[in-house]
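mind folding the following:
(chains A and B)
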There are 2 protein chains.
Amino acid sequence: MKSKPSIPKGTRDFLPKEVQSRQYIFDTLREVFELYDFVPIETPAIENLSTLTGKYGEEGDRLLFKILNNGDFWARASDEAKKSNDSTSILPQISKRGLRYDLTVPFARYTVMHRNDLSFPFKRYQMQPVWRADRPQKGRYQEFYQCDVDIIGSEALLYEAELVAIFDDAFSRLRVPVVIKINNRKILQGIAEVCGAGDQFIPFTVAIDKLDKIGESGVRELLLSLNLTVEQIDDVFKLINIVELDELFGYLDLSNIGKTGIEEIRQVQNFLSEHKFNNKIVFDWSLARGLSYYTGCIFEVECPNVKIGSIGGGGRYDDLTGIFGLDNISGVGVSFGLARIFDVMRELDLFPNDIQLQTKIILIAFDDESHKQAYKLLLQLRQEGIPSAIYPNPAKLKKQMKYANDRGFPFVGLIGKNEMENNLVTVKNMSTGEQESMNLNELIAKLR
Amino acid sequence: MKSKPSIPKGTRDFLPKEVQSRQYIFDTLREVFELYDFVPIETPAIENLSTLTGKYGEEGDRLLFKILNNGDFWARASDEAKKSNDSTSILPQISKRGLRYDLTVPFARYTVMHRNDLSFPFKRYQMQPVWRADRPQKGRYQEFYQCDVDIIGSEALLYEAELVAIFDDAFSRLRVPVVIKINNRKILQGIAEVCGAGDQFIPFTVAIDKLDKIGESGVRELLLSLNLTVEQIDDVFKLINIVELDELFGYLDLSNIGKTGIEEIRQVQNFLSEHKFNNKIVFDWSLARGLSYYTGCIFEVECPNVKIGSIGGGGRYDDLTGIFGLDNISGVGVSFGLARIFDVMRELDLFPNDIQLQTKIILIAFDDESHKQAYKLLLQLRQEGIPSAIYPNPAKLKKQMKYANDRGFPFVGLIGKNEMENNLVTVKNMSTGEQESMNLNELIAKLR
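Just a heads-up that it's a prediction; the model follows:
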């Protein structure tokens, strides 16, 4: 059966240039993570649905990719489910596994399962694809890479500083100029408490989180709908705009959790004061981070040069592994938004030129004899560690040159009768068009 | 809900050491592939079932992981299928996507879909996981990496030599001693023809392929069951054991395809004669390769030091993209058996020591003041590009030393009162137990 092939909506094929550009990001990040004493782990793409379900909210459960049980799945479903005629009842009967939805829940599971093999604080990084059955649209895919860095099993605030340093270091190496924003959920909670929203912290955070999108007037409306008075809302905006930590401390005098938050930020600042950063570090009490499992410091990274939203973020969570039965393990971690970083780097033209085609030269010959000579030369270049190519047969010059052009080799090495006789190769620079003849050693020197 | 977490049978979590060891193999292979002018591509894990089904035989179709359609999948199934009460009829109604089963079929699909963006000959490598719902057992997983290298769009036999060179180069760098076996399916077919099995080539190949497992007597029985006479079977064994190509050529005089095969091997040998190989290259006319889509040269790599079967293989196929409507595109490619290579390298202890924990030293302090000093030192080491760690707080010495031991840092840097005063650090070599005090510059020199 011959059919016109296609791939599922929301998935992508990657052309060589894209793979190599992304590989450059991966390699750079890996180098930074290992400089800071993080080690890599990997978890399977396929997880039990019992691990995944209920961890990402109702919407998340819907977006999980479920894998059909193998073999005669229908025979093994209960009669009750079959009779129900209802997807929700049938689903658990015919599917018990799903695809990884993020790296956080698998990391929590991993930590619980392997806790006796790990030394705590356990510092891991993980770069793997995840799958979400989201409606595909521009920039949103059903299969995409995530990159997480976490420290689990320590409450030390030194790690908050370490993660800020990793953001700064990684984005410096990638040459992406960023602003790193820091807040502490406890400060936000303190502000909520002293402004009369202490018992509505989650919706309060959700409202504050929208400041960037809907502006102060929009947030004011949301807070009004939480039954805050105009005076209380004025206080909220006064407090989130205070710069001096000591001043804010005074206002939060009646909130113990608020004061703890400020104390934590002070300690983080102490560590940070030892660093020399390349990027801007900003403390922003309006930073909220939508996800509700953060309990301490939170981070967000933006590239002010490109309108694309945050390209990194994270925070401290007090009880990630609790869902799998291991309580009171504090952790702190950040994610790099790989897809957006890729887009930002492409937009700002930050990928080095030499990360793509590694091959320096293609050798071209005109007949069987010169092709044999070219093949010998090829082996010598490769022996020297110089990535090199040869056109596989002495085809017409035009055809060979077209291939050289299309592939984008920086140099073409021509071997004809004259070159054969004098043991030379004529090297054409494909960007300038210049040609010169040289021997093997000169060629090696040129291509190095 | 708290439940004891687990992962599906046949899947694996990877501990840091395993990820790093595998990464070392990946990096080494990538370097070799790019030296030989291959470029990377990636395809999605999720493919349409229309792409995958029918490409791997009945058994393969059964082993495909199928993904349940999202949303209210049951409502969208046909009444006919629902009434059938039969998995086979229901399946296509509730699942239209599956997980990648190998890298070959996706590569064929990719080539057809992107043929206008590619330059032929297109030389690609691909290292990605695949999924098979095989019964899990020792050394056999449902999720595992494959690594394929192919040239598509050229009949040039130069590429056969190039792939042999890649095997030799890659395994030399990994320090795995191998034997690379070469044959040509056309020679096998020639032998089949002159020995009276020309019309039963596939079962003939299957029988010959079992020589390693069931020995000559076993193969003789199989050939007898194909109705070959004892004399014909004697001829088969005589021919596959001939060393001289010219002698074999004489015996295959009546088989045009056999003579073409010999001519092809001669050309490959011409190219190979220009190389200096580190490993043994063997021409073996009994090499058959089970898979039936090979049509020309075939390869197999074994490590004679370890009983594990082939750790690499491949061959030429005349019509891989035909299934997707693009005919007459010849290709040749090889696979590296990553899981087995990993096992061989572990068994032969070939992983370099320095590929695992990159971190050279952990700094340990005794009180808040010395911890602050240690933190400054840490930043200086990292500034110098030396992967370094610090225990996050000045805990009890015993606790810190246990962590240092468990993690396997080569050095521990201690900073106490005396070191503080003299701006020194006492460095303990964790394998010898030796201790010495030094300043920052001496430490940097030591750790480089």
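
I figured A:E216 hits A:V236, correct?
No: using Cβ atoms under 8 Å as the test, A:E216 is too far from A:V236 to be in contact (10.0 Å). The C-beta positions use only the backbone N, C-alpha and C, and glycine is treated the same way.

which residues are in contact with each of those two?
Here A:E216 and A:V236 share no contacting residue, scored by Cβ atoms under 8 Å, 6 or more residues apart in numbering or on different chains.

what residues does the stretch 201-350 of chain A put near chain B?
Within the stretch 201-350 of chain A, the positions lying close to chain B (Cβ under 8 Å from any Cβ of the partner chain) are A:F271, A:E274, A:H275, A:G322, A:I323, A:F324, A:G325.

ok, the host helix or strand of A:Y125 near chain B or not?
Element membership for A:Y125, per DSSP states H and E: strand A:122-131. Yes: under the criterion of Cβ under 8 Å from any Cβ, strand A:122-131 makes contact with chain B via A:R124, A:P129, A:W131.

just checking: what are the partner strands of that strand?
Taking DSSP bridges as the criterion, strand A:122-131 sits next to strand A:39-40 (parallel), strand A:143-152 (antiparallel) in its sheet.

give me the residue from the stretch 151-300 of chain A nearest chain B.
A:A156 (3.4 Å; Cβ to the nearest Cβ).

ramachandran coordinates for that residue?
The phi and psi torsions at A:A156 (degrees, to the nearest 10) take the values phi -60, psi 130.

tell me who's in contact with it.
A:P121, B:P392, B:N393.

what is the neighbour count of the first one?
Spelled out, that is A:P121. 23 (other Cβ atoms under 10 Å in any protein chain shown).

quick check: the gap between it and chain B.
According to Cβ to the nearest Cβ, to the nearest Å, A:P121 stands 6 Å off from chain B.

that residue and A:Y159 touch, don't they?
Yes: counting by Cβ under 8 Å, A:Y159 is a contact partner of A:P121 at 7.4 Å.

surely A:I298 meets A:N184?
Yes: with contact defined as Cβ under 8 Å, A:I298 reaches A:N184; the gap is 6.9 Å.

of those two, who's got more company?
A:N184 (29 against 25).

so who does the more buried one touch?
A:G261, A:I262, A:E264, A:I265, A:G296, A:C297, A:I298.

how much space between the nearest residue to the last one once chain neighbours are set aside and A:A288?
Think A:I298. Leaving aside its sequence neighbours, A:I298 sits nearest to A:G315 (Cβ to Cβ, 6 or more residues apart in numbering or on different chains; 3.7 Å). For A:G315, the distance to A:A288 equals 10 Å [Cβ to Cβ, to the nearest Å].

then A:F167?
Separation of A:F167 from A:A288 (Cβ to Cβ): 18 Å.

now for the closest residue to A:P16 other than its chain neighbours, how many residues are close by?
Residue nearest to A:P16 in three dimensions, not counting chain neighbours: B:V39, with 3.6 Å by Cβ to Cβ, 6+ apart. Neighbour count for B:V39, taken as other Cβ under 10 Å: 21.

identify the residues contacting B:V39.
Applying Cβ under 8 Å, 6+ apart, the residues near B:V39 are A:P16, A:V19, A:Q20, A:L357, B:K123, B:R124, B:Y125.

where exactly do the strands run in the stretch 51-200 of chain A?
For the stretch 51-200 of chain A, applying DSSP state E, counting those that start in this stretch gives strands covering A:66-67, A:97-99, A:122-131, A:143-152, A:179-184.

how about the stretch 201-350 of chain A?
Using DSSP E, counting those that start in this stretch, strands in the stretch 201-350 of chain A cover A:280-283, A:297-302, A:310-317, A:331-336.

dump these to a markdown table, plus mean pLDDT.
Output for those, formatted as a markdown table (pLDDT from 0 to 100):
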| stretch | mean pLDDT |
| --- | --- |
| strand A:280-283 | 97 |
| strand A:297-302 | 97 |
| strand A:310-317 | 95 |
| strand A:331-336 | 96 |
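
need the ones you listed in TSV (columns: distance to A:S255).
Converted to TSV, the strands of the stretch 201-350 of chain A look like this (distance: least, Cβ to Cβ, whole Å):
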stretch	distance to A:S255
strand A:280-283	18
strand A:297-302	17
strand A:310-317	19
strand A:331-336	22
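
what sits against the residue lying closest to A:R266 once chain neighbours are set aside?
Once flanking residues are discounted, A:R266 sits nearest to A:L245: 6.4 Å by Cβ to Cβ, 6+ apart. Residues in contact with A:L245, defined by Cβ under 8 Å, 6+ apart, are A:I262, A:I265, A:R266, A:Q269, A:F283.

buried subset of the residues of the stretch 201-350 of chain A next to chain B?
A:F271, A:H275, A:I323, A:F324 (16 or more other Cβ atoms under 10 Å in any protein chain shown).
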